[in-house]
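Trainee: My questions concern the predicted model and sequence given below.
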Amino acid sequence: QQQVKQSPQSLIVQKGGIPIINCAYENTAFDYFPWYQQFPGKGPALLIAIRPDVSEKKEGRFTISFNKSAKQFSLHIMDSQPGDSATYFCAARISGNTPLVFGKGTRLSVIA
Amino acid sequence: DGGITQSPKYLFRKEGQNVTLSCEQNLNHDAMYWYRQDPGQGLRLIYYSQIVNDFQKGDIAEGYSVSREKKESFPLTVTSAQKNPTAFYLCAIQGPGNTIYFGEGSWLTVV
């Protein structure tokens, strides 16, 4: 079964808009939730990450919102730019040397 | 990430042939991972290794094999038993804390 469900599959926004990508997880043992950004033909790059003891984390134009009771977390991109057009993956893991479990990705297009 | 090197970038495999993808790191980290990426499928775990001479199967290990004889190297062999090997393969290492870094990936195509 899919442990991390990501939506939407694709998203188109105007420049300056605020795209929101959502993820839901099932395993309550997960305690680390990163977001990755991937450009075509490249490996994913870590964007921002959060732990369940905080409800929000901001880094530049990127914000993670976390709802532990609902087992959901989301990525918001403020003032989106065409250069933000990429595929975004949410992930989760249990701390330690355990693998990340990924959502299926969201392809974001920011149009000028 | 500059500390992870995957090679080759592009590889072509003939039917019935085994091929090996290289993953090398110079960051002295213990845990290394192999993921496969197909369009619309996200990243799926093939194998991972937490320490030298030890590795565990991931969700889609069938048709693949790995070795971890050295800390800095974690090669992935795609065997002839893997019937649909065409994909983008990503190697990753675990850095400080929970941070996992990916290499630039290798494209494998069956011809």
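Mentor: Received it, and whenever you're ready, just let me know what you need.
Trainee: ok, A:Arg61 - how many residues close by?
Mentor: 13 (other CB atoms under 10 Å in any protein chain shown). For every residue, glycine as well, the C-beta is placed using N, CA and C.
Trainee: Determine whether any part of the helix or strand of chain A with the lowest mean pLDDT lies close to chain B.
Mentor: Least confident helix or strand of chain A, by mean pLDDT, DSSP states H and E, is strand A:101-102 with a mean of 93. Yes. Strand A:101-102 is in contact with chain B by CB under 8 Å from any CB of the partner chain, via A:101-102.
Trainee: partner strands of that strand, parallel or antiparallel?
Mentor: In the sheet, strand A:101-102 lines up against strand A:86-92 (antiparallel) (DSSP bridges).
Trainee: Tell me the gap between the partner strand and the middle of its chain.
Mentor: Offset of strand A:86-92 from its chain centre (CA atoms, centre = their mean, to the nearest Å): 5 Å.
Trainee: about what we covered before: and for the least confident helix or strand of chain A, what's in contact with it?
Mentor: A:3-4, A:27, A:30, A:89-93, B:35, B:42-45 (CB atoms under 8 Å, 6 or more residues apart in numbering or on different chains).
Trainee: next one: stretch B:53-60
Mentor: Contacts for stretch B:53-60 (CB under 8 Å, 6+ apart): A:99, B:33-36, B:44-50, B:66-69, B:74.
Trainee: Up against chain A, what does chain B have?
Mentor: Counting by CB under 8 Å from any CB, the residues of chain B near chain A are B:1, B:6, B:30-31, B:33, B:35, B:40-45, B:48, B:50, B:58, B:90, B:92, B:94, B:98-105.
Trainee: if you set the cut-off to 6 Å instead, what comes out?
Mentor: B:31, B:33, B:42-43, B:45, B:48, B:50, B:90, B:98, B:100, B:102-105 (CB under 6 Å from any CB of the partner chain).
Trainee: Show me those residues that map onto strands.
Mentor: B:33, B:42-43, B:45, B:48, B:50, B:90, B:100, B:102 (DSSP state E).
Trainee: that older thread, tell me which two in the contacts of strand A:101-102 are the farthest apart.
Mentor: A:Asn27 and B:Tyr35 (18.5 Å; CB to CB).
Trainee: Those two - which one has more neighbours?
Mentor: More neighbours surround B:Tyr35 than the other of A:Asn27 and B:Tyr35, with 28 against 13 (other CB under 10 Å).
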